[in-house]
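**Student:** Return atomic coordinates for the entry below.
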Amino acid sequence: MNYPVWYLPDIGGGILIALISIVHVFLSHFAVGGGLYLVLAERKGLRENNPAILEFTKKHAKFFMLVTMVMGGITGVGIWFIISLVNPSATSVLIHTFVFGWATEWVFFLVEIVAIFVFYYCFGSMDSKTHQVVGWIYFIAAWLSLFVINGIIGFMLTPGGWIVDGSFWSGFFNPSFWPSLFFRTFVSLMLAGVYAFVTTAFLKDAHLKLTMTRYSARWVLLSLLAAVPSGYWYLSILPNQARILVEGASPTIRMTVQYGLAGVIFLLAGTLILLLLKPTCHTKAVSFIVLVSAFLFMGAFEWTREASRRPYVIDGFMYSNSVLEKDLEEITREGFLHEARWVSTREARADNQLEAGREIFRNQCYACHTVRGINNPIVVRTAAMDYAALVNYLGRMHDIRYFMPPFAGNEAERKALAYFVIKGIQGKDVTIPKAQRKQSMSEGGVLFLSHCTICHPESLVKSRSATWDQKKIRWALDNLNRLQSAMPNFQGTPEEKDQIAAYIYSLQGGADKENHNEGEEVFEKNCAICHTLREGANPLLPKLKGWTRERLRSSLDMLQKLKGGMPPLDASNEEKDALTTFLYRALEGELR
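**Tutor:** Presented below is the predicted three-dimensional model:
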């Protein structure tokens, strides 16, 4: 909130960071493991007195130098550029906390550049012993670069004692430092073999190709197996909420993990084929399939690591939208617009709801949500909400979904944001609710209003549960996350669940008979002239036996096309929905 926002409503800054950083990580880890691969491949050629292996190593060194120094260097600069634009607050913290760490890493990177240039351009013209020393210098500098970067990156997820003392060393040697370092080291060695698959695929000498394919496959397989225990170690030290998100509480993380597992499976299968089963099938296409699988695995890991920090960008210190946790109480009291520096509206009033809401959306929501883009589009996420439900949700969203930061602002700003989303983005009419119906509602109705309408309008719940009996509704309240992974489980008492279940059932004309059956009225008005339900001259239900609810509803829009040439149904969509419910419940034997 101390910096202006680079607003890209249909793309989102987070997507740009992900695209650049995942590519850079995929290249930079190769820059570490590939350095050791070059040293040991050259050593293999020298030990076996095999000029073909040495020639392959030289060509691979050229490929390595171009990929890591050119592409890796460009994407590395790109990361600094994009994070400075998208999240300057977090970038500022990283620079000011670890300025000497960054300086040290840049020295190591300079050593890498000089060493790889000498290694490649002096290949064959320098005595082998000295040349090997240059290769080792490169690898050690590259690994030390990883050592430094690992501490800074891990700090964002597990800052540890830095939250208390602000010390460089507390932040650097944070709880995830060692497991992350081991995991990334093994992944780097794995990628060395994966990238070598690409260069070996272009070899003409069949015997050399077979030798180096098996040699590279061993790198992949052994490193991948070594990465598994360090990965579990890494998972075990995550903060509780982060671990819960990784284990499935976040739908996006769960989907990403599935892609990562698919990548590992293809990577492992391809490696085993190239190592044990049929290394002669090593083609350019196969090598690129393995490379893409490794990229999918690495991308899934990095995405998951980033997403598991939510709702923070620096755990326990700064939320994803750059609001400091320590400032939240003051902002809530004084107002977000009053405290933010780069906004044109300083107060939310009745006459500037759209303008104020737009400012708040840009500064608080846009960090994680696009408007209609591919990254958490707010249009999709709020499609089922009305104004009252969204106002209610904004006040409790952090409690309902931990990975969302608390709303920072006063009540007027909360209403302005809801107004902007519903009116300005969704294009819906905003009806300011009258006094809540709580006084005239049952206990179950009050609970439903407080807990369910935050995300689901009453009409949607009524429609989705139209064919359910009270027992099934009650079961659903115990299994909300199983029904829909994005829904948190209701934390109320069994008695409260009973009351909500009774209220939802009453919406269908169930036990409480609070509403008349609109569908039956539509049937009597439009259908009973020619049809009865079960008995009589023209019973309807036997003709509908086996029909799904969707088929029933769609048929009401095209009666004139059905057998018998019925006239079109002169009814609104709401009346057709009600008639569908009535007929479907009749088919299920639930007509009362």
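**Student:** How many residues are close by Phe172?
**Tutor:** With neighbours defined by other CB atoms under 10 Å, the count for Phe172 comes to 20. Bear in mind the C-beta positions are built from the backbone N, C-alpha and C, glycine included.
**Student:** repeat for the one 3 residues further on
**Tutor:** Pro175 is flanked by 17 other residues according to other CB under 10 Å.
**Student:** From Gln241, how far out is it?
**Tutor:** According to CB to CB, to the nearest Å, Pro175 and Gln241 sit 14 Å apart.
**Student:** Please apply the same query to Ile15.
**Tutor:** From Ile15 to Gln241 the distance is 24 Å (CB to CB).
**Student:** List the contacts of stretch 82-95.
**Tutor:** 1-3, 6, 13-14, 16-17, 20, 80, 102, 152, 155-156, 313-314, 317-318, 322, 367 (CB atoms under 8 Å, 6 or more residues apart in numbering).
**Student:** same thing but at 6 Å, please
**Tutor:** Residues outside stretch 82-95 that contact it (CB atoms under 6 Å, 6 or more residues apart in numbering): Tyr3, Trp6, Gly13, Leu16, Ile17, Ile20, Val313, Ser322.
**Student:** can you check stretch 256-273 too?
**Tutor:** The contact list for stretch 256-273 (CB under 6 Å, 6+ apart) reads Ala217, Val220, Leu221, Val290, Ser293, Ala294, Leu296, Phe297, Ala300, Trp303, Thr304.
**Student:** swap in stretch 30-44?
**Tutor:** By CB under 6 Å, 6+ apart, the residues outside stretch 30-44 that reach it are 53, 57, 61, 64, 68, 72, 135-136, 138-139, 142-143, 146, 188-189, 191-192, 195.
**Student:** next one: that stretch to chain centre, how far?
**Tutor:** A distance of 34 Å separates the centroid of the chain from that of stretch 30-44, by CA atoms, centre = their mean, to the nearest Å.
**Student:** what is the mean pLDDT for it?
**Tutor:** On average, the pLDDT along stretch 30-44 is 96.
**Student:** PyMOL command for the buried members of the contacts of stretch 30-44?
**Tutor:** Selection of buried members from the contacts of stretch 30-44 for PyMOL, criterion 16 or more other CB atoms under 10 Å:
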select buried, resi 53+57+61+64+68+72+135+138+139+142+143+146+188+189+191+192+195
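**Student:** what mean pLDDT does stretch 188-196 have?
**Tutor:** Per-residue scores along stretch 188-196 average to 96.
**Student:** how distant is it from the center of its chain?
**Tutor:** Worked out by CA atoms, centre = their mean, stretch 188-196 lies 27 Å from the chain centre.
**Student:** cool, stretch 247-256 as well?
**Tutor:** Centroid separation for stretch 247-256 versus its chain: 7 Å, with CA atoms, centre = their mean.
**Student:** domains in this structure, as residue ranges please.
**Tutor:** Taking automatic domain parsing as the reference, the chain has its domains at 13-319, 325-425, 456-507, 518-587.
**Student:** Need phi/psi at the closest residue to Pro4 other than its chain neighbours.
**Tutor:** Of all residues not flanking Pro4 in the chain, Trp342 sits nearest, at 4.3 Å (CB to CB, 6 or more residues apart in numbering). Dihedral pair for Trp342: phi -110, psi 60, per degrees, to the nearest 10.
**Student:** residues near Trp342, how many?
**Tutor:** 12.
**Student:** likewise Arg474?
**Tutor:** Residues near Arg474, counting by other CB under 10 Å, number 18.
**Student:** How about it, nearest residue that isn't a chain neighbour?
**Tutor:** Of all residues not flanking Arg474 in the chain, Ala501 sits nearest, at 4.1 Å (CB to CB, 6+ apart).
**Student:** For Ser572, see how far away the one you found is.
**Tutor:** For Ala501 relative to Ser572 (CB to CB), the value is 29 Å.
**Student:** Ok, Ile253 next?
**Tutor:** According to CB to CB, Ile253 stands 42 Å off from Ser572.
**Student:** Looking only at neighbour counts, state which of those two leads.
**Tutor:** Set Ile253 next to Ser572 and count neighbours by other CB under 10 Å: Ile253 wins out with 23 against 10.
**Student:** roughly how far out does the strand or helix carrying that one sit from the chain middle?
**Tutor:** In this assignment (DSSP states H and E), Ile253 forms part of helix 251-272. Remark: helix 251-272 is offset 15 Å from the chain centroid, using CA atoms, centre = their mean.
**Student:** My read is that Ser230 contacts Arg184, right?
**Tutor:** No: contact between Ser230 and Arg184 fails when scored by CB atoms under 6 Å: they sit 8.8 Å apart.
**Student:** quick one, which of the two is more surrounded?
**Tutor:** Neighbours were counted for Ser230 and for Arg184 using other CB under 10 Å; Arg184 has more, 26 against 19.
**Student:** dump the residue contacts of that one.
**Tutor:** Counting by CB under 6 Å, 6+ apart, Arg184 touches Asn150.
**Student:** Checking my notes, it in a helix, right?
**Tutor:** Yes: counting by DSSP: H, G, I helix; E, B strand; the rest coil, Arg184 falls inside a helix.
**Student:** ok, now how distant is it from Ser176?
**Tutor:** Arg184 is 11 Å from Ser176, where distance means CB to CB.
**Student:** Check which residues of the helix or strand containing Ile53 are buried.
**Tutor:** Assigning secondary structure by DSSP H and E places Ile53 in helix 51-65. Neighbour-count burial for helix 51-65 flags Ile53, Leu54, Glu55, Phe56, Thr57, Lys58, His60, Ala61, Phe64, Met65 (criterion: 16+ other CB under 10 Å).
**Student:** do the same with stretch 223-243
**Tutor:** Those would be 223-224, 226-227, 230-231, 234-235, 237-239, 241-242, for stretch 223-243 by 16+ other CB under 10 Å.
**Student:** Output those as JSON lines; include the columns distance to Glu42.
**Tutor:** Output for the buried residues of stretch 223-243, formatted as JSON lines (distance: CB to CB, whole Å):
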{"residue": "Ser223", "distance to Glu42": "19"}
{"residue": "Leu224", "distance to Glu42": "24"}
{"residue": "Ala226", "distance to Glu42": "23"}
{"residue": "Ala227", "distance to Glu42": "25"}
{"residue": "Ser230", "distance to Glu42": "28"}
{"residue": "Gly231", "distance to Glu42": "30"}
{"residue": "Tyr234", "distance to Glu42": "32"}
{"residue": "Leu235", "distance to Glu42": "37"}
{"residue": "Ile237", "distance to Glu42": "37"}
{"residue": "Leu238", "distance to Glu42": "39"}
{"residue": "Pro239", "distance to Glu42": "44"}
{"residue": "Gln241", "distance to Glu42": "47"}
{"residue": "Ala242", "distance to Glu42": "42"}
